[in-house]
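# My questions concern the predicted model and sequence given below.
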Amino acid sequence: MNLCVNPIGETGFTDPQLKRLYIYHDKWLNSLEILPGRQAKTGSPDTRLSPGGNKQYPRLERLIARVSHDGQWILATANDHGAMLAWNPAHSCIHCAPNYSPLNSGQTLTTRGKIYLLKKMNLQDVFDRYKNDFGLLNPPAKAVGVTDRSKLHNADVQ
């Protein structure tokens, strides 16, 4: 199952340019607008990244978030078996699809996902909740990331 998180009818989250879409990589959430090789195009089809084993983004986590136009809300989703992060600029939806490896007859797989809808929080708060809920998929060998935490606050990512 691929859960599509789409605030249908809530125009405060529309974002065809992907200016307020974030993933967790290199110890902080990056706007996909600034990640190398991931320039958004209005109306383009789904775009996808795979957490774990991704050569271009080796420390990509199973977390994707979108900030509302006014910077007051954050909508995010994560999954403990997340194998694909996806987003569709035309619909402003986000996905963290679990990996359902081929199962033999009688086998089962349990997966757990979360949708976060947070008001008056910042992206670091979302990451902290994710880390508490799921742990890190790819813990870095040493601390890497943003030293200026003000870059992670809603007021700076609108």
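Nice, thanks for sending it over. Numbering: from 1, shown residues only.
# What is the longest helix of the protein by residue count?
helix 123-134 (DSSP state H).
# what's near enough to touch the residue nearest the centre of the chain?
The residue lying closest to the centre of the chain (CA atoms, centre = their mean) is I64, at 0.8 Å. Contacts for I64 were tallied using CB atoms under 8 Å, 6 or more residues apart in numbering; they are 21-23, 76-78, 85, 87, 94-96. C-betas here are computed from N, CA, C, even on glycine.
# Give me the helices and strands touching the longest helix of the chain, please.
Where contact means 3 or more CB pairs under 8 Å, 6 or more residues apart in numbering; DSSP states H and E, helix 123-134 is packed against strand 21-25, strand 28-31, strand 63-67, strand 73-79, strand 113-119.
# Go through those strands and find the least confident stretch.
Mean pLDDT across those is lowest at strand 28-31; the value there is a mean of 68.
# circling back to that earlier point, okay, the helices and strands packed on helix 123-134 in CSV with distance to L3 next?
Shown next, in CSV, are the helices and strands packed on helix 123-134 (distance: least, CB to CB, whole Å):
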stretch, distance to L3
strand 21-25, 17
strand 28-31, 20
strand 63-67, 11
strand 73-79, 7
strand 113-119, 6
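# Among those, which comes closest to D133?
Across the helices and strands packed on helix 123-134, D133 has its closest neighbour in strand 113-119 (5.9 Å, CB to CB).
# Also compute the angle for the longest helix of the chain relative to strand 73-79, please.
30 degrees (axes from the mean of the first three to the mean of the last three CA atoms, to 10 degrees).
# buried stuff in helix 123-134?
Within helix 123-134, the residues scored as buried using 16 or more other CB atoms under 10 Å are 123, 125-127, 129-130, 134.
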